[in-house]
Structure formats: C-alpha cells, structure tokens
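*Asks:* Please find the sequence and the predicted model below.
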Amino acid sequence: MKIKVVYLARLAEDMGKHEEFIEMLDPKSTINDVFLRCKLDKVNYKIYSARNFEHSDFKTNIKNNDEIAFFPTITGG
C-alpha cells in the first residue's frame with residue numbers, strides 16, 4: 001500500500017524533507033511500522049502522530065492512500 005508521510009516542525013528540519021511517499025507491503029501495518037520504516041526511532045525527542053489529520057496512536061492500522069504525519073511536541077505563546 002502506498003502512503004504519504006509528512007514531517008512537521010523541527011522534525012522536517014531534522015529529516016531534511018517535509019514529506020515522502022512510501023510503500024508498505026504488509027496490509028496489517030500500523031503507524032508504528034511507518035515510524036520504524038522512516039527510522040524515526042533514531043530521533044532523540046518525543047514524536048506524535050496523526051492519521052488523515054486526526055491524532056492517532058502508534059498502534060493505529062493504516063490503509064492505502066493514508067496520510068501519516070509525525071511531529072514533535074509543539075508549543076507556542
């Protein structure tokens with residue numbers, strides 16, 4: 001299945017890109033599988049995720065053509 005991965009805020013800078021398309025072979029893939037495939041386990045800060053613009057747990061299953069966004073804690077003032 002083909003999915004779009006979006007990196008937001010500081011994570012986009014650290015990854016050197018804002019988005020990419022990846023192919024996941026296992027139809028039972030989760031957001032955590034995408035996280036590991038994109039090597040985000042190498043980042044040394046907390047990462048959150050969203051599936052199709054809704055905050056989602058890393059255990060959430062993904063589907064073909066989903067958009068998965070990863071982002072660090074975002075604060076403002």
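*Replies:* Good, I have the coordinates. This structure is a prediction, so every number in the text was calculated from the model and none was measured. Numbers count the residues shown, from 1 in each chain.

*Asks:* What helix or strand is F35 located in?
*Replies:* Secondary-structure element containing F35, defined by DSSP states H and E: helix 31-37.

*Asks:* Same check on I74?
*Replies:* In this structure, I74 sits in neither a helix nor a strand according to DSSP H and E.

*Asks:* quick one on the thing from earlier: which helices and strands does the helix holding F35 pack with?
*Replies:* Judged by 3 or more C-beta pairs under 8 Å, 6 or more residues apart in numbering; DSSP states H and E, the packing partners of helix 31-37 are strand 47-51, strand 67-72. The way it works is simple: take the backbone N, C-alpha and C, and place the C-beta from them, glycine included.

*Asks:* Mean neighbour count, mean pLDDT and distance to H18 added to those, as CSV?
*Replies:* Conversion of these to CSV gives the following (neighbours: other C-beta atoms under 10 Å; pLDDT from 0 to 100; distance: least, C-beta to C-beta, whole Å):
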stretch, mean neighbour count, mean pLDDT, distance to H18
strand 47-51, 18, 98, 15
strand 67-72, 19, 97, 10
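
*Asks:* Of all these, which one is nearest M15?
*Replies:* For the helices and strands packed on helix 31-37, distance to M15 was read as C-beta to C-beta. The smallest value, 8.7 Å, belongs to strand 67-72.

*Asks:* Check which helices and strands that closest one is in contact with.
*Replies:* Based on contacts counted as 3+ C-beta pairs under 8 Å, 6+ apart, the elements that strand 67-72 packs against are strand 2-7, helix 10-15, helix 31-37, strand 47-51.

*Asks:* Correct me if wrong: I62 contacts N32.
*Replies:* No - when contacts are counted by C-beta atoms under 8 Å, I62 is not listed as touching N32 (9.9 Å).

*Asks:* Since that was my last question, I'll sign off now.
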